[in-house]
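> sequence plus predicted model, see below.
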Amino acid sequence: MRTLSVEQAMKASPTSDPVRVRGWVRTRRDSKAGISFVAINDGSCFDNFQVVAPSSLGNYEKEVLHLTTGCSVEAEGVIVASQGGGQAVEMQASSLRVLGWVEDPDTYPASAKRHTFEYLREVAHLRVRTNTFGAVARVRNCLAQAVHRFFHERGFFWVHTPIITASDCEGAGEMFRVSTLDLMNIKKDANKPGHADFADDFFGKEAFLTVSGQLNVETYACALSKVYTFGPTFRAENSNTARHLAEFWMIEPEIAFADLNDDMQLAEEFVKYTLRAVLAERGDDMKFFAERIDKEAISRLEHVVESGFQRITYTDAVKLLEDAAAKGKKWEYPVKWGANLQAEHERFITEEVFKKPTIVTDYPKDIKAFYMRMNEDGKTVRAMDVLVPGIGELIGGSQREERLDHLDRRLEEMKLDKAAYWWYRDLRKYGTVPHAGFGLGFERLVLFVTGMANIRDVIPFPRTPKNAAF
RNA sequence: UCCCCGAUAGCUCAAUGGUAGAGCGAGCGGCUGUUAACCGCUAGGUUCUAGGUUCGAGUCCUAGUCGGGGAGCCA
């Protein structure tokens, strides 16, 4: 007997050959005409498959009539055209075996009623059985597959940059320490009072979880030309927002022989490609998001795919914001050249002015990282942020400073230890090339695509300050 | 980390300082090729934790924990 996934069964044509379907019960409806309708779902697609269980089944009274949401079952029977209106086909069951009961239906956390996402986070091991989290999981997978396909089709190589890093040159972000030292009994460094002696630690020096694979992947770009990373990233920042995680997945392409324009074009093509993939492959889940989560879930993606990304320099963006203020727009934070754009400013630009993803370029050097390429004006750098409606910053990228003398000047200005960057500086000594890249927070892409409101609900087991459950 | 708000039945929420309720879910029954099913009955509570005020605290005060909204940091 063939075993079909729910997805396959939904698409099967009526046949006289019995088949087998397995899954978890979503709902059971009884008819005194002597049948029960059992909707089962195995996660293979959004929809449930209707199994029609006649009272002639040997276990009908004892088992079928007691099935509740969450029970696991194995049904066998023929696929027939459905007499009801909710589905094209259904199974006329000749057997419905219960694999696992729900011990106490009264307290089953994912019962057949509406639950808040906040509550479901507390039962993250079961929330994926709900419509919403099943859909998120499938869309997330679709996006991840599309990421690799996009790069593979364009000749990029996936580079596995390290998770653990002993280099202290990854920049500003707070890092998680990786250590095997006994925290109850720390040996102090004789030469640095108040500091631990890391000579005895596993790596013989301080080590951390990576906050970015960029510096490492630049080395591969300067040999393989087109590369990207896609892996977990860690930030120990005490960020408590719907857009931040302590552990998240980041995609970081890096291209050699390329400038910021190439970088922006790559970013735009990349985002559009992944959106197209979701629209093409996950229509069932996207329909659900549009109906229940965010009315514009589908139309927003179609709009982005069809229209270009807006491009504007930081300087022009500041002018635009100042003009808006002159026309009566009230800013909680004043707009001033040289200062970071506030969330309210970014939202205004992307949600109210352009109403589409917007790339802001050429930021003042003092609010950006040391490795970004200096412009001719000596004041701005070749940086870009891709801002999207509803999310804010989806992508941050730049053309990298490939000129050693310029790079050294920036390291000195920012009081960074040049020696620590010896291998990064080597790239500029030995056959340096213009290159560029960006970082995209994968969960923010999932947020944007699904219309979900909180980043904790688009990753299976979110890690945030004070929360590493499951 | 800062500002604001919240925590009561399995879940979502009510309850003037004075006997803690409803809807959903669950159990039982009725009805029906059902599909957010519908109708009836039943069960279900350490009101987040620790102190305090009061004759009396779910309600007021203090501290803490956790959650939400906004901000910062960023992806």
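Ah, there it is.
> A:E269: how many residues sit nearby?
13 (other CB atoms under 10 Å). Glycine gets a C-beta too; all of them are placed from N, C-alpha and C.
> got it, and A:G308?
11.
> how close does the residue nearest to it when sequence neighbours are not counted get to A:F448?
Ranked by CB to CB, 6 or more residues apart in numbering and with sequence neighbours excluded, the top spatial neighbour of A:G308 is A:E268, at 7.1 Å. Separation of A:E268 from A:F448 (CB to CB, to the nearest Å): 14 Å.
> so between those two, which is more surrounded?
A:F448 (25 against 18).
> got any ranges where chain A has weak pLDDT?
Chain A contains residues with pLDDT under 70 at A:168-172.
> quick check, the residue in it closest to RNA strand B?
A:G84 (1.9 Å; CB to the nearest atom of the strand).
> what is the neighbour count of A:L96?
If we define neighbours as other CB under 10 Å, then A:L96 has 26 of them.
> which SS state does it fall under?
strand (DSSP: H, G, I helix; E, B strand; the rest coil).
> related to what we said a few turns ago, the residue of chain A closest to RNA strand B touches A:Q50, doesn't it?
Yes: counting by CB atoms under 8 Å, A:G84 touches A:Q50, with 7.5 Å between them.
> show me whatever sits in contact with both of these two.
By CB atoms under 8 Å, 6 or more residues apart in numbering, A:G84 and A:Q50 have these common neighbours: A:F37, A:E90.
> who has more neighbours, these two?
Of the pair A:G84 and A:Q50, A:Q50 is the one with more neighbours under other CB under 10 Å, namely 20 against 9.
> that one against A:A93, yeah?
No: judged on CB under 8 Å, A:Q50 makes no contact with A:A93 at a distance of 10.1 Å.
> residues from the stretch 251-400 of chain A in reach of RNA strand B?
Neighbours of RNA strand B within the stretch 251-400 of chain A, by CB under 7 Å from any atom of the strand: A:Y333, A:N340, A:Q342, A:A343, A:E344, A:R347, A:G392, A:E393, A:L394, A:I395, A:G396.
> can I have the buried ones of the residues you listed as a PyMOL selection?
If you want just the buried ones from these in PyMOL, going by 16 or more other CB atoms under 10 Å, the selection is:
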select buried, chain A and resi 347+392+393+394+395
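> could you list which of the residues of the stretch 251-400 of chain A next to RNA strand B belong to helices?
Within those, residues falling in helices by DSSP state H are A:A343, A:E344, A:R347.
> show me what the nearest residue to the first one once chain neighbours are set aside bridges to in the sheet.
Distances taken as CB to CB, 6+ apart place A:G392 nearest to A:A343, at 6.1 Å, with adjacent residues excluded. For A:G392, the residues forming beta bridges with it (DSSP bridges) are A:V388.
> what's the answer for A:R20, then?
Here A:R20, judged by DSSP bridges, has bridge partners A:T3, A:E76.
> burial count for it?
16.
> could you do A:F176 as well?
With other CB under 10 Å as criterion, A:F176 counts 16.
> ok, now A:V123?
17.
> list the contacts for the nearest residue to it once chain neighbours are set aside?
Spatial nearest neighbour of A:V123, chain neighbours left out: A:P109 (4.1 Å); criterion: CB to CB, 6+ apart. Going by CB under 8 Å, 6+ apart, A:P109 touches A:L120, A:V123, A:L126.
> shouldn't A:T180 be in contact with A:D201?
Yes: between A:T180 and A:D201 there is a contact under CB under 8 Å: 6.4 Å.
> more neighbours, these two?
Taking other CB under 10 Å, A:T180 and A:D201 do not tie; A:D201 has more neighbours (18 against 9).
> quick one: the helices in chain A?
Going by DSSP H, chain A shows helices at A:6-11, A:117-121, A:124-127, A:131-153, A:214-224, A:260-281, A:283-288, A:297-306, A:314-326, A:343-347, A:404-413, A:422-429, A:442-450.
> and those, which is most packed in?
Comparing the helices of chain A by mean neighbour count (mean count of other CB atoms under 10 Å), helix A:442-450 comes out on top with a mean of 25.
> outside of that helix, which residues touch it?
A:135-136, A:139-140, A:143-144, A:147, A:230, A:243, A:245, A:248-251, A:271, A:274-275, A:278, A:289, A:293-294, A:297, A:301, A:388, A:390-391, A:393-394, A:452-453, A:455, A:458-459.
> how about A:P364, what does it touch?
So A:P364 contacts A:Y314, A:W337, A:G338, A:K379, A:T380, A:V381 (CB under 8 Å, 6+ apart).
> can you tell me which of those residues are in strands?
Counted as lying in strands by DSSP state E, out of these, are A:T380, A:V381.
> I figured A:E332 was touching A:H345, is that so?
No: using CB under 8 Å, A:E332 is not in contact with A:H345; the gap is 9.7 Å.
> could I get the contacts of A:P109 as TSV with distance to A:V217?
Shown next, in TSV, are the contacts of A:P109 (distance: CB to CB, whole Å):
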residue	distance to A:V217
A:L120	36
A:V123	37
A:L126	37
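> pick the one among those residues closest to A:F470.
A:V123 (9.4 Å; CB to CB).
> so what does the closest one have for phi and psi?
phi -130, psi 50 (degrees, to the nearest 10).
> for it, give its distance to A:L183.
Counting by CB to CB - A:V123 and A:L183 are separated by 32 Å.
> and for A:I391?
Distance from A:I391 to A:L183, by CB to CB: 38 Å.
> more neighbours: these two, which one.
A:I391 (20 against 7).
> in contact with that one, which residues?
Taking CB under 8 Å, 6+ apart as the test, what A:I391 contacts is A:R243, A:R444, A:L447, A:F448.
> which of those sit farthest apart?
It's A:R243 and A:F448 that sit farthest apart of the contacts of A:I391, by CB to CB, at 10.6 Å.
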